[in-house]
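Trainee: Build the 3D model from these lines:
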Amino acid sequence: MTKYLLYALLLYFAAINIVAFFLYGIDKWKARHDKWRVTEARLLSVALLGGGLGAFLGMKVWHHKTQHPKFRFGLPLILFLHLALAVAAVYYFYFYR
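Mentor: Numbers count the residues shown, from 1 in each chain. As a prediction, this is how the structure comes out:
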């Protein structure tokens, strides 16, 4: 993997996690002010696309969707899968290349 591809991936994951974090905050604000909400499908999709950590932290910081089973159990599972993939990728690129 080239250095630039690694930087691009790190930038992508940083950006998607920041977006996920603030998306949970925006949805919490909209819920309190009786505004049009962010759909649960969008919240989970952003987490699946690499924003698992940001979504999990957003859920905890904003105290949002903490009682919904698909978020309460699904986000930690998504986060675990992302971490497992990252560890596997690092292991592969450092020991099998």
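Trainee: and V19, what pLDDT?
Mentor: pLDDT for V19: 98.
Trainee: Check whether it really touches S45, as I assumed.
Mentor: No: using CB atoms under 8 Å, V19 makes no contact with S45, being 11.2 Å away. C-beta here means a position set from N, CA and C on the backbone, and glycine is covered the same way.
Trainee: Quick check on these two: which one has the bigger neighbour count.
Mentor: Applying other CB atoms under 10 Å to V19 and S45 shows that V19 carries more neighbours, namely 16 against 13.
Trainee: so who does that one touch?
Mentor: Contact analysis of V19 by CB atoms under 8 Å, 6 or more residues apart in numbering lists 46, 51, 54.
Trainee: what's the neighbour count on the closest residue in space to the second one that isn't next to it in sequence?
Mentor: Put plainly, it is G51. Among residues not flanking G51 along the chain, A20 sits closest, at 3.1 Å (CB to CB, 6 or more residues apart in numbering). By the other CB under 10 Å criterion, the neighbourhood of A20 contains 27 residues.
Trainee: Pretty sure A20 sits against G54.
Mentor: Yes: with contact defined as CB under 8 Å, A20 and G54 form a contacting pair (3.5 Å).
Trainee: and for those two, which residues touch both?
Mentor: By CB under 8 Å, 6+ apart, the residues touching both A20 and G54 are 46-47.
Trainee: Noted, bye for now.
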